[in-house]
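Engineer: Got a predicted model here, sequence first, then my questions.
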Amino acid sequence: MRQIQVGLGDRAYPIVIREGALAGIGEDLRQKTIAKRYAVITDEHVGGLYGGNLLGSMARAGLAAELLTFPRGEASKNLTTVGNLASQLARLGFDRKDGLIALGGGVTGDITGFLAAVYMRGIPFVQVPTTLLAQVDSSVGGKTGVDIPEGKNLVGAFYQPRAVYIDTRALLTLPVAEILNGLAEVIKYGVIYDGAFFELLADRRHDILQRDLGILEEVIARCCTIKAEVVAADEKEADLRRILNFGHTIGHAVEAASGYSLAHGQAVAIGMVAAAELAVASGSFSRPEADRLREVIAAYGLPVTIPGNLEPAVVKSYLKTDKKAVGGRPFFVLPTRIGAVTITDDVAGELIEQVIEKLTGEP
Ligand code: NAD
Ligand code: GLY
């Protein structure tokens with residue numbers, strides 16, 4: 001069992017990481033007295049897998065809980081789902097003393113966190129992430145929100161959970177593609193913050209891919225520690241928190257250019273290689289380290305080149321529409337060594353073009 005604190009003053013909260021954590025959530029919540037009763041919000045798939053376990057844990061602790069579900073997938077992450085769930089809460093008589101539990105992946109966490117932020121102008125919520133991506137990234141840090149037709153995550157709020165419970169055992173039912181989505185973000189933490197962690201990921205690749213729960217607990221704890229430090233220093237992404245976007249600038253452009261047929265983790269993997277190439281071309285990162293980064297990403301079975309069917313000009317056009325671009329100018333998080341990065345919006349357009357072209361259709 002590991003516990004990490006997100007140091008946000010009177011809004012500080014614990015992240016508990018433990019094999020089998022799900023069974024103990026009810027008792028822990030009873031002791032914390034966060035809310036009178038709870039609604040467990042989950043997608044239908046995760047609800048079928050783990051809803052019963054969580055409700056059982058709540059019942060054993062004598063806590064009242066309802067299960068509310070929605071269809072799984074990003075298509076549910078919208079205002080209609082939030083509205084439907086809010087109506088259900090209102091019909092059940094939920095008030096400000098009641099709370100929500102997000103049981104599921106990043107989609108569930110983002111919807112539930114946003115619902116908690118706006119229902120009756122704010123009720124408490126806790127995160128119980130069940131995908132690797134949600135366990136190492138989206139459940140920590142308080143970014144909540146939904147998509148609108150004009151773009152992803154365009155409506156939302158910074159709203160911190162009261163606790164995060166991570167049960168590594170949930171990873172055993174996760175499809176391989178979802179494990180890889182999370183691993184791209186895991187590798188990201190090593191590159192931006194901790195070179196020794198990056199080397200651990202290289203050394204223990206086999207055990208990690210075999211889902212050894214001991215090493216996964218260590219990996220998740222390291223990622224959550226890094227994220228907690230970054231969020232505590234810059235909750236609202238004024239500066240430091242932007243380093244978490246490493247690999248996401250060109251990654252998002254590639255993802256959008258593919259019409260979202262590329263998984264997010266695959267796009268981030270390509271984006272990390274592209275950022276490393278940009279850093280080499282701008283003289284801030286060494287060739288051997290860029291090659292090492294590419295080698296480790298490829299060893300995990302993640303892509304390191306842009307699919308040949310994507311037009312470089314189309315990929316580049318999506319950089320301007322990136323929602324984090326300021327005045328049409330994208331910013332880049334570039335490695336200076338494995339374990340440290342710098343943020344810049346001063347990268348020549350020709351360099352970006354060269355890197356996108358070089359990576360497109362490479363073997
Ligand atoms: P997801 O929530 O859609 O989960 C992926 C799939 O895995 C779903 O079909 C789900 O039903 C299934 N699943 C979940 N847990 C499972 C388990 N233990 N066993 C079997 N199947 C399981 O997607 P995701 O990749 O977890 O999250 C992606 C979302 O997270 C995106 O909407 C993205 O914008 C958001 N996100 C938010 C933040 C943040 O800081 N808030 C950060 C990164 C990503
Ligand atoms: N996933 C990026 C962030 O939380 O800031």
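Structural biologist: Structure's in. What do you need? Ligands and ions are numbered 1, 2, ... in the order given.
Engineer: model confidence over the helix or strand that contains Ile208, on average?
Structural biologist: Secondary structure assignment for Ile208, by DSSP states H and E: helix 205-209. Looking at helix 205-209 alone, the average pLDDT works out to 98.
Engineer: Show me what that helix is packed against.
Structural biologist: Of the remaining helices and strands, those touching helix 205-209 by 3 or more CB pairs under 8 Å, 6 or more residues apart in numbering; DSSP states H and E are helix 213-233. Yep, even glycine has a C-beta here, placed from its N, CA and C like the rest.
Engineer: about what we covered before: which outside residues touch the helix holding Ile208?
Structural biologist: If you take CB atoms under 8 Å, 6 or more residues apart in numbering as the criterion, helix 205-209 is touched by 179, 183, 201, 215-216, 219, 296, 299-301.
Engineer: Apply 10 Å and report the result again.
Structural biologist: Helix 205-209 is contacted by residues 132, 176, 179-180, 183, 186, 200-201, 212-216, 218-219, 296, 299-301 when judged by CB atoms under 10 Å, 6 or more residues apart in numbering.
Engineer: Make sure I have this right: Phe285 is in a helix.
Structural biologist: No - remark: Phe285 does not belong to a helix; assigned using DSSP: H, G, I helix; E, B strand; the rest coil, it is coil.
Engineer: That one reaches Ile338, doesn't it?
Structural biologist: Yes - at 8.9 Å, Phe285 counts as touching Ile338 under the criterion of CB atoms under 10 Å.
Engineer: which neighbours do those two share?
Structural biologist: Residues touching both Phe285 and Ile338 comprise 276, 293, with contact defined as CB under 10 Å, 6+ apart.
Engineer: after the helix or strand hosting Val341, next one along is what?
Structural biologist: In this structure, Val341 is located in strand 340-344 according to DSSP H and E. Counting by DSSP H and E, the element after strand 340-344 in chain order, helix or strand, is helix 349-359.
Engineer: List the contacts of the residue of the stretch 1-150 of the chain found nearest ligand 2.
Structural biologist: Here the residue of the stretch 1-150 of the chain nearest ligand 2 is Gly141; by CB to the nearest ligand atom that distance is 4.4 Å. The contact partners of Gly141, taken as CB under 10 Å, 6+ apart, are 6, 8, 158, 160-161, 164, 224, 227-228, 230-232, 235, 237, 241, 244.
Engineer: The helix or strand encompassing Thr42 near ligand 1 anywhere?
Structural biologist: Thr42 is located in strand 37-43, with elements delineated by DSSP H and E. Yes - in this structure, strand 37-43 sits against ligand 1 according to CB under 6 Å from any ligand atom; the contacting residues are Asp43.
Engineer: Report the backbone C-alpha coordinates of that strand in PDB.
Structural biologist: Taking C-alpha atoms only, strand 37-43 is exported to PDB below (Å, rounded to 0.1, in the frame of the first residue of the first chain):
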ATOM      1  CA  ARG A  37     -24.600   9.200   1.000                       C
ATOM      2  CA  TYR A  38     -23.100   8.600  -2.400                       C
ATOM      3  CA  ALA A  39     -23.900   8.100  -6.100                       C
ATOM      4  CA  VAL A  40     -21.400   5.900  -7.800                       C
ATOM      5  CA  ILE A  41     -21.100   7.100 -11.400                       C
ATOM      6  CA  THR A  42     -19.700   4.600 -13.900                       C
ATOM      7  CA  ASP A  43     -20.000   3.500 -17.500                       C
END
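Engineer: what helices or strands is it leaning on?
Structural biologist: The criterion is 3 or more CB pairs under 10 Å, 6 or more residues apart in numbering; DSSP states H and E, and the helices and strands that strand 37-43 contacts are helix 25-32, helix 52-60, strand 64-70, helix 79-91, strand 99-104, helix 106-118, strand 125-129.
Engineer: Return the residues of the chain in contact with ligand 2.
Structural biologist: Close to ligand 2, as judged by CB under 6 Å from any ligand atom, the chain has residues 137, 141, 143, 237, 241, 244.
Engineer: One more pass at 8 Å, please.
Structural biologist: With the criterion set to CB under 8 Å from any ligand atom, the chain comes near ligand 2 through 137-138, 140-141, 143, 185, 227, 230-231, 237, 241-242, 244-245, 248.
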